[in-house]
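Undergrad: got a predicted model here, sequence first, then my questions.
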Amino acid sequence: MSKTSKTTLTVFEHQSLYLNDEIDDVIFDNGLLKAMQDFYGRDGVPYFSLLNKGVKFCEYVGVIQVGKITIEVLPKADHQDNKMEWRGALIDMLRSVGVFNIKAPTSTSLKVKPNSILDLYIELFLKEIEILLHLGLIKKYRKTDNNCTSLKGNLIFGKHIQKNLIHREYFFTRHTVYDVNHVLHQIIYKTLLLLFRINTNTSLQSRIGSLLLNFPEQSDIKVFESTFEKLPLNRKTAGYNNAIEIARLLLLNYHPNVSQGKHHVLALMFDMNMLWEKFVFVSLKQHLKKENNYRIISQMSKYFWQPEKGYTSSIIPDIVISYGSKHENCIVLDTKWKNLNGYNPSPDDLRQLYVYHEFYDAERVALIYPGTFKPKKGLYYTKHNVTGSKECSVMGIKVTTNISLWREEIGKNILSWAKNEV
């Protein structure tokens with residue numbers, strides 16, 4: 001499967017991988033291809049498409065672990081293929097938008113330099129569990145049925161006769177116990193067992209083994225989406241929130257190969273379009289804190305169409321900025337993670353912004369792309385086939401893997417455009 005001991009194969013979004021391609025000293029062999037084809041299945045997955053003896057990745061970034069090999073997909077917004085820089089940039093982007101909203105560890109307190117997003121998630125999870133063990137695991141009441149040497153709770157008569165016909169010193173009862181064996185710890189323990197099987201980072205493996213030794217053994221449970229929706233999270237269990245969120249991500253995205261038992265698949269992938277939208281929003285929001293008369297809102301929906309029967313359709317622009325003494329004016333922004341390469345935006349994107357202009361009574365609207373081109377202003381035509389007063393701009397934000405500089409560029413450029421300074 002791999003030519004050397006390396007286990008991470010790094011590609012960029014929209015890149016294709018074919019059978020026997022060798023990247024980063026890892027060979028994309030028939031076992032990896034077959035596992036990804038099985039994972040794709042009949043219904044498909046949004047992360048990649050199938051080619052003849054290969055796969056092509058889409059606009060999703062993150063990691064797909066197949067067996068012991070991790071396929072890392074990084075953003076592709078420029079012509080530079082610096083994998084190390086873009087790995088760090090992607091992690092910083094995810095951290096900026098709150099995907100790594102973990103309060104306990106900071107980037108400086110992490111002991112292992114992550115080789116991929118999966119390594120970072122694993123370390124964050126381990127750090128959370130280490131803190132929980134240090135503070136002490138909470139206990140909960142639960143009902144249990146078993147043999148006891150004393151009569152407590154309710155006697156289950158049928159089971160009692162069946163099991164204790166000879167051993168009359170026992171009582172088979174249903175009673176309440178107060179211990180650490182409950183659903184929160186069962187999820188954590190199940191996640192630790194999963195990580196012990198799939199982790200490929202040797203620096204993390206000893207910590208996983210140590211936690212398994214120190215964490216109380218738990219009853220096995222089957223985990224579904226509904227399991228997490230019904231969790232009894234309250235003020236007493238608030239310290240478990242981060243660990244449970246990471247456990248949820250790992251357990252629900254793990255796909256074991258039950259037919260062959262050879263290659264499992266774990267996919268932690270993020271839509272780059274949504275990530276870009278949120279990244280622009282949080283960067284701009286931070287920058288606008290210095291401006292008293294600007295207010296920014298994300299995903300501000302308005303009704304668009306009502307059928308005679310059925311649900312109403314809505315329009316939802318990415319970002320709406322209101323300004324003025326009473327916030328009576330507004331600007332609408334829509335983000336697109338595309339490289340225009342000198343071309344105009346697609347007609348669909350321009351039509352979308354025209355609707356926003358109309359429905360939100362916007363002073364100005366703009367499409368925000370990654371790129372180095374200067375803002376281009378344009379006017380929409382009226383129904384009389386002459387240019388009207390509705391303006392739509394196209395803006396490019398210079399891409400850099402220095403996240404602090406990138407966020408500053410986003411805020412500064414968009415605010416200059418909003419003030420009509422460019």
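TA: Arrived safely, thanks for sending.
Undergrad: keeping just the C-alphas, turn the helix or strand that contains I161 into CSV.
TA: For I161, the element it lies in under DSSP states H and E is helix 157-164. The C-alpha coordinates for helix 157-164 follow below in CSV (Å, rounded to 0.1, in the frame of the first residue of the first chain):
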residue,chain,number,x,y,z
PHE,A,157,-39.0,-13.4,40.5
GLY,A,158,-38.7,-15.3,37.2
LYS,A,159,-35.0,-14.6,36.8
HIS,A,160,-34.4,-15.2,40.5
ILE,A,161,-35.9,-18.7,40.3
GLN,A,162,-33.9,-19.4,37.0
LYS,A,163,-30.5,-18.3,38.3
ASN,A,164,-30.7,-18.9,42.1
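Undergrad: next one: it to chain centre, how far?
TA: 51 Å (Cα atoms, centre = their mean, to the nearest Å).
Undergrad: any idea of the mean pLDDT for that helix?
TA: If you average the pLDDT over helix 157-164, you get 73.
Undergrad: and for that helix, what's in contact with it?
TA: Applying Cβ atoms under 8 Å, 6 or more residues apart in numbering, the contact partners of helix 157-164 are D145, N147, Y170, F171, F172, T173. Quick note: C-beta positions are derived from backbone N, CA and C, even for glycine.
Undergrad: tally up the residues packed near the last one, please.
TA: It refers to T173. Using other Cβ atoms under 10 Å, T173 has 19 other residues around it.
Undergrad: and the fifth one, by the same measure?
TA: Under the neighbour criterion other Cβ under 10 Å, F172 is assigned a count of 18.
Undergrad: over to it: give its phi and psi.
TA: phi -90, psi 110 (degrees, to the nearest 10).
Undergrad: ok, of the contacts of helix 157-164, which one's closest to S404?
TA: Nearest to S404, judged by Cβ to Cβ, of the contacts of helix 157-164 is D145 at 57.9 Å.
Undergrad: stretch 382-390: how far from the chain's middle?
TA: That offset, for stretch 382-390, works out to 42 Å (Cα atoms, centre = their mean).
Undergrad: and if you look at stretch 192-199?
TA: On Cα atoms, centre = their mean, the centre of stretch 192-199 falls 20 Å from that of its chain.
Undergrad: next, the buried residues of whichever helix or strand L211 is part of.
TA: L211 is part of helix 202-214 when elements are defined by DSSP H and E. Going by neighbour count (16 or more other Cβ atoms under 10 Å), the buried part of helix 202-214 is L204, R207, I208, L211.
Undergrad: send over it as PDB, restricted to the C-alpha atoms.
TA: As requested, the backbone C-alpha atoms of helix 202-214 are provided in PDB (Å, rounded to 0.1, in the frame of the first residue of the first chain):
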ATOM      1  CA  THR A 202       2.900   7.100  16.800                       C
ATOM      2  CA  SER A 203       3.200  10.200  19.000                       C
ATOM      3  CA  LEU A 204      -0.400   9.900  19.900                       C
ATOM      4  CA  GLN A 205      -0.800   6.100  20.300                       C
ATOM      5  CA  SER A 206       0.800   5.900  23.700                       C
ATOM      6  CA  ARG A 207      -1.500   8.600  25.000                       C
ATOM      7  CA  ILE A 208      -4.500   6.800  23.700                       C
ATOM      8  CA  GLY A 209      -3.400   3.500  25.300                       C
ATOM      9  CA  SER A 210      -2.800   5.400  28.600                       C
ATOM     10  CA  LEU A 211      -6.300   6.800  28.600                       C
ATOM     11  CA  LEU A 212      -7.800   3.400  27.900                       C
ATOM     12  CA  LEU A 213      -6.000   2.100  30.900                       C
ATOM     13  CA  ASN A 214      -7.100   4.900  33.200                       C
END
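Undergrad: now for the helix or strand just after it, which elements pack on it?
TA: Toward the C-terminus, helix 202-214 is succeeded by helix 225-229 as the next helix or strand (DSSP H and E). Here helix 225-229 touches helix 183-198, helix 241-252, going by 3 or more Cβ pairs under 8 Å, 6 or more residues apart in numbering; DSSP states H and E.
Undergrad: may I have the distance across stretch 47-59, first residue to last?
TA: The first and last residues of stretch 47-59 sit 7 Å apart, counting by Cα to Cα, to the nearest Å.
Undergrad: quick one: which of the buried residues of helix 202-214 is nearest G342?
TA: Of all the buried residues of helix 202-214, G342 sits closest to L204, with 44.9 Å by Cβ to Cβ.
Undergrad: most remote residue from the chain's center?
TA: No residue in the chain sits farther from the centre than I166, which is 57.0 Å out by Cα atoms, centre = their mean.
Undergrad: now, the most widely separated pair of the contacts of helix 157-164?
TA: Farthest-apart pair in the contacts of helix 157-164 is D145 and Y170; separation 12.8 Å (Cβ to Cβ).
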